[in-house]
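Peer 1: My questions are about this predicted structure, shown below with the sequence.
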Amino acid sequence: MRVSTVRELRDHATRLMQESDPLLITQRGRLAGVFIPWTTTTLPVEWKRELFLALSADIGHQLKKARVAEDSVLKDFDDWKKKRRATRGGR
């Protein structure tokens, strides 16, 4: 296991994440996180579900706090899709 500071991780993230050993990340001498290299190309379905639920709950909280209506979000998404289709030649 390699030990790295947050600063070293910031400055050398690409190189550090290409190593095969787990990385213990410290900040001011205290544990800040752990990076475990992933050898497969996909995440387990359970992890994807948990990540989706956590992210969607957080986004929902942020939208509620900012008082953004669902209709506004859907309109923005539709506008984005139309622009994307136009730039991709209608595909």
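Peer 2: That came in fine, so what should we check first? Nothing here was measured: the structure is a model prediction, and the numbers come from that model.

Peer 1: in the helix or strand containing A13, what counts as buried?
Peer 2: Using DSSP states H and E, A13 sits in helix 6-18. Under the neighbour-count criterion of 16 or more other CB atoms under 10 Å, helix 6-18 has E8, L9, L16 buried. No exception for glycine: its C-beta is placed from N, CA and C like everyone else's.

Peer 1: residues in contact with that helix?
Peer 2: Residues from elsewhere that reach helix 6-18 (CB atoms under 8 Å, 6 or more residues apart in numbering): R2, S4, L23, I25, T26, Q27, A32, F35, P37.

Peer 1: contacting residues around the fifth one?
Peer 2: Residues touching T26, when contacts are defined by CB under 8 Å, 6+ apart, comprise V3, S4, T5, V6, A32.

Peer 1: That one bridge partners, please.
Peer 2: Under DSSP bridges, the beta-bridge partners of T26 are T5, L31.

Peer 1: distance of it from A32?
Peer 2: Separation of T26 from A32 (CB to CB, to the nearest Å) stands at 6 Å.

Peer 1: swap in the third one?
Peer 2: Between L23 and A32 the distance, using CB to CB, works out to 11 Å.

Peer 1: swap in E70?
Peer 2: Taken as CB to CB, the span from E70 to A32 is 36 Å.

Peer 1: So the two - more neighbours on which side?
Peer 2: More crowded of E70 and A32, by other CB atoms under 10 Å: A32, with 14 against 9.

Peer 1: Make JSON lines out of the contacts of helix 6-18 and add distance to G89 and pLDDT.
Peer 2: JSON lines is the format used below for those (distance: CB to CB, whole Å; pLDDT from 0 to 100):
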{"residue": "R2", "distance to G89": "47", "pLDDT": "90"}
{"residue": "S4", "distance to G89": "45", "pLDDT": "94"}
{"residue": "L23", "distance to G89": "43", "pLDDT": "93"}
{"residue": "I25", "distance to G89": "44", "pLDDT": "95"}
{"residue": "T26", "distance to G89": "50", "pLDDT": "95"}
{"residue": "Q27", "distance to G89": "48", "pLDDT": "94"}
{"residue": "A32", "distance to G89": "46", "pLDDT": "93"}
{"residue": "F35", "distance to G89": "40", "pLDDT": "91"}
{"residue": "P37", "distance to G89": "39", "pLDDT": "87"}
